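Asker: from the sequence below, what's the structure:
(chains A and B)
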Amino acid sequence: AQSVTQPDIHITVSEGASLELRCNYSYGATPYLFWYVQSPGQGLQLLLKYFSGDTLVQGIKGFEAEFKRSQSSFNLRKPSVHWSDAAEYFCAVGAPGGSYIPTFGRGTSLIVHP
Amino acid sequence: DAGVIQSPRHEVTEMGQEVTLRCKPISGHDYLFWYRQTMMRGLELLIYFNNNVPIDDSGMPEDRFSAKMPNASFSTLKIQPSEPRDSAVYFCASSLGGIQGGGYTFGSGTRLTVV
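Answerer: Numbering: from 1, shown residues only, chains lettered A, B, ... in the order given. So this is what the prediction gives:
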C-alpha cells in the first residue's frame, strides 16, 4: 500500500519569498501524485498532478512540483509567495491501476507574513 | 458547472440525534467519495461509490454510519445516533474515472458539531 509523508506541519514565509513544501511517498513503482490546497472553510482544490512524463509539472496559481524518483519526493514550489497563498496544502499519492483510492498526507499549513 | 454541492454547511446537533449530510456531485462524474477531516486524524476516506454502487466502505467507523447513493446526482451520509466524537468536517468529492481521471473535485464540506 502507498503512503505519503509531509514532514512540515507549519511553514512560515514572507510575502515575495520563495516556497518549497516537501512531500515524500512510499510506493513500489511510480505512483500518481497530487497537490491540493485548502483555504479556510473550503474544500480541497487540485493544484497539479503527475502521472508520467516530464518530471516538472506546472499547476494553477503559479505553483509547480518536481517528481524525483530517486528521492521518492514530489515537492511543491512557488518562486514568489502572495499573501493569498496562505492555506493548508495536501500531497496525495495513488496507485496506478489500483483501487483508485489516493492516500492524503496530513497537510502543511502555510503562513505568509507581510 | 456549480461544482460539488454539499448541504448543510454547518450542523449542530445533540448527542443521540440522527444527522443526514447531503451531496450533489458534478454531473457526469462516475465516482463519489465521502471523507472526514479532523485535527487528530487528518483526512480519512469513509466510503466511495462507482456508478452509484458502494465499492469500499471499510473506512466507515461504525455501524452508526451509513451512506447511500440512490442516483447519479445525489448521495447521503447518515449518522444515527450521533456522538460528540463524530464532530468533524465531512467532505464529499467526485471524479470522472476515479484517480485515473486526474483528481477529485471537493465540495466545501459540512462542519458537524455534536454536543
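
Asker: show me what contacts residue 83?
Answerer: Let's take chain A. By Cβ atoms under 8 Å, 6 or more residues apart in numbering or on different chains, the residues touching A:Trp83 are A:15, A:112, A:114. No exception for glycine: its C-beta is placed from N, CA and C like everyone else's.

Asker: that's the wrong chain, I wanted chain B
Answerer: Neighbouring residues of B:Glu83 by Cβ under 8 Å, 6+ apart: B:15, B:64, B:114.

Asker: phi, psi of the last one?
Answerer: Backbone torsions for B:Val114, taken as degrees, to the nearest 10, come to phi -110, psi 120.

Asker: could you list the contact residues of chain A toward chain B?
Answerer: Where proximity means Cβ under 8 Å from any Cβ of the partner chain, the interface of chain A facing chain B comprises A:32, A:34, A:36, A:41-46, A:49, A:51, A:90, A:94, A:96, A:98-102, A:104-107.

Asker: ok, 7 Å please
Answerer: Taking Cβ under 7 Å from any Cβ of the partner chain as the criterion, chain A approaches chain B at residues A:32, A:34, A:42-44, A:46, A:49, A:90, A:94, A:99-102, A:104, A:106-107.

Asker: filter these down to the buried ones, PyMOL style.
Answerer: If you want just the buried ones from these in PyMOL, going by 16 or more other Cβ atoms under 10 Å in any protein chain shown, the selection is:
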select buried, chain A and resi 32+34+43+44+46+49+90+94+100+101+102+104+106+107
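
Asker: out of the residues of chain A next to chain B, what pair is the most spread apart?
Answerer: Across the residues of chain A next to chain B, the two members that end up farthest from each other (Cβ to Cβ) are A:Gln42 and A:Ser99, 27.0 Å apart.

Asker: can you give me the strands in chain A?
Answerer: Shown for chain A, the strands assigned by DSSP state E span residues A:3-5, A:10-14, A:19-21, A:24-26, A:32-38, A:44-50, A:56-58, A:64-68, A:73-78, A:87-94, A:103-104, A:108-113.

Asker: next, the buried residues of the first one.
Answerer: Neighbour counts over strand A:3-5 (16+ other Cβ under 10 Å) mark A:Val4 as buried.

Asker: contacts for that strand?
Answerer: Contacts of strand A:3-5 from elsewhere in the structure, counted by Cβ atoms under 7 Å, 6 or more residues apart in numbering or on different chains, are A:23-26, A:91-93, A:103-105.

Asker: for the shortest one, same thing?
Answerer: Around strand A:103-104, the neighbours that count as contacts under Cβ under 7 Å, 6+ apart are A:2-4, A:90, A:92-93, B:42-43.

Asker: and it, how far out from the chain's middle?
Answerer: Between the mean C-alpha point of strand A:103-104 and the mean C-alpha point of its chain there is a distance of 11 Å (Cα atoms, centre = their mean, to the nearest Å).

Asker: returning to that earlier point: which of the contacts of B:Glu83 are buried, as a ChimeraX select command?
Answerer: Per 16+ other Cβ under 10 Å, the buried members of the contacts of B:Glu83 correspond to this ChimeraX selection:
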select /B:114
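
Asker: quick check: nearest residue in space to residue 61, chain neighbours excluded?
Answerer: You didn't say which chain, so I picked chain A. Nearest non-adjacent residue to A:Lys61, counting by Cβ to Cβ, 6 or more residues apart in numbering or on different chains: A:Leu47, 6.8 Å away.

Asker: I was thinking of chain B, sorry if that wasn't clear
Answerer: For B:Pro61, the spatially nearest residue (Cβ to Cβ, 6+ apart) is B:Leu46, at 7.6 Å.
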